[in-house]
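1. One predicted model, sequence on top.
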Amino acid sequence: MNRIYRRILVVEFILIFFVPIIFLGAGFLIGIPIGVTTFLDGETEGIYLPMMTIGGVAGIWGAAQLLAKSLDDQMNIAKPKRLALYLAVGAASWIPAVIVAFESLGMFGLFSVLPYVMTLQLIATNRTHFGY
């Protein structure tokens, strides 16, 4: 893989995952304390915010591993099944943000789907790691 494509991947990753990383920061600062407090008060739906944050961390960790493997073929990353689990949990935790973006922004909500597209691009780039 040439150097220009590697640089494009890094810039693309930074631009696309900037908003999800900001949401994760807010999840750690606001969502987890609120979720734990409401859960301790007896409201079970309060556990959803911490679970969404943890799932988002897993998803971004999986995408970052794919990016690292794209940049250096010799990089050791998680096994394909574990990596697929990270990505699936991360994708599931981003679904509420996509729904809110579509409801509030209309067609501009399509930008919230870009992390999925980037992840699919990284999977296609690393398809030899997955055995196909």
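-> It's in.
2. Output the longest helix belonging to this structure.
-> What stands out as the longest helix in the chain, according to DSSP state H, is helix 80-105.
3. and it, which residues are buried?
-> 83, 86-87, 89-91, 93-94, 97-98, 101 (16 or more other CB atoms under 10 Å). Every C-beta, even on glycine, is put in place using the N, C-alpha and C of the backbone.
4. Out of the residues you listed, which is nearest to residue 37?
-> Checking the buried residues of helix 80-105 against residue 37 with CB to CB, the nearest one is residue 93 at 20.2 Å.
5. Going along the chain, name the strands of the chain.
-> Using DSSP state E, the chain contains no strands.
6. what about it, any weak spots by pLDDT?
-> When residues are selected by pLDDT under 70, those of the chain lie in 1, 129-132.
7. where along it do the helices fall?
-> Under DSSP H, the chain gives helices at 3-16, 18-26, 32-40, 48-71, 80-105, 114-125.
8. quick one: stretch 75-83 to chain centroid distance?
-> Chain-centre distance of stretch 75-83: 16 Å, with CA atoms, centre = their mean, to the nearest Å.
9. Can I get it in PDB? Just the C-alpha atoms.
-> Below are the C-alpha coordinates for stretch 75-83, written out as PDB (Å, rounded to 0.1, in the frame of the first residue of the first chain):
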ATOM      1  CA  MET A  75       1.000  -5.300  13.100                       C
ATOM      2  CA  ASN A  76      -0.500  -7.900  15.400                       C
ATOM      3  CA  ILE A  77      -4.200  -7.200  16.100                       C
ATOM      4  CA  ALA A  78      -7.100  -9.100  17.700                       C
ATOM      5  CA  LYS A  79      -8.200 -12.400  16.200                       C
ATOM      6  CA  PRO A  80     -10.900 -12.000  13.500                       C
ATOM      7  CA  LYS A  81     -13.800 -13.300  15.700                       C
ATOM      8  CA  ARG A  82     -12.900 -10.900  18.600                       C
ATOM      9  CA  LEU A  83     -12.400  -8.000  16.200                       C
END
